[in-house]
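Enquirer: need a 3D model of the following:
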Amino acid sequence: MLNINPKRRRVLQAILYEAFAIAFVGPLLSLVFDKPASSTIGLAFVLSSIALGWNYVFNSLFERWESRQVIRGRSLSRRLLHGIGFEGGLVIILIPIMAFWLDITLLNAFLTNLSLLAFFFFYAIAFTWAFDRVFGLPASAGKQQATNQPLNNE
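Expert: Now for the predicted structure:
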């Protein structure tokens, strides 16, 4: 296993995650919509860039909201709210771009986006598992410290 510092690990994980996603989604969109691969790989790059930017913006807004809540921590309902908010916002942003780029209806862009969401659900699980096998688990998921102080998982 390769061992790198946590910040570099997060950056590397994000870059590899998006690079493999672009490499898979671009050609797949080309095949499904009978568009040139150069165009759909470009679209995949744009969608990926937007997702990265939205991730930063959304998490900043969510954490600002979260810091004002009386109840602290991340319950299942708060995690569901976070996931729905992030993915819902991303769908709203991406649908018009996909419709324009692929020259399809908003409904077809929405259905395509739902298919991509399903793909990314499984892709994220598989990618993270493979990444952790190569680079090891992050400190937050590692074994408890010898001092018997629990790690902060929240």
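Enquirer: I15: how many residues sit nearby?
Expert: I15 is flanked by 11 other residues according to other CB atoms under 10 Å. All C-beta atoms are positioned from the backbone trio N, CA, C, and that covers glycine.
Enquirer: where does the prediction get shaky in this structure?
Expert: Scanning the chain for pLDDT under 70 picks out 1, 140-154.
Enquirer: for burial, what's the neighbour tally of V57?
Expert: 11.
Enquirer: quick one: it from G85, how far?
Expert: To G85, V57 is 11 Å away according to CB to CB, to the nearest Å.
Enquirer: same deal with D103?
Expert: Distance of D103 to G85, given as CB to CB: 30 Å.
Enquirer: okay, these two: which has more neighbours?
Expert: Shown here are D103 and G85; by other CB under 10 Å, G85 has more neighbours (15 against 9).
Enquirer: chain neighbours aside, what residue packs nearest to W101?
Expert: Nearest residue to W101 in three dimensions, chain neighbours excluded: L43, at 4.8 Å (CB to CB, 6 or more residues apart in numbering).
Enquirer: quick one: contacts for that neighbour?
Expert: Going by CB atoms under 8 Å, 6 or more residues apart in numbering, L43 touches 26, 29, 97-98, 101-102.
Enquirer: any idea how many residues pack against G73?
Expert: 9.
Enquirer: please apply the same query to L29.
Expert: 23.
Enquirer: just S39 next, same as before
Expert: By other CB under 10 Å, 15 other residues sit near S39.
Enquirer: what sits against it?
Expert: Shown in contact with S39 (CB under 8 Å, 6+ apart): 30, 101.
Enquirer: kind regards, and thank you for your time.
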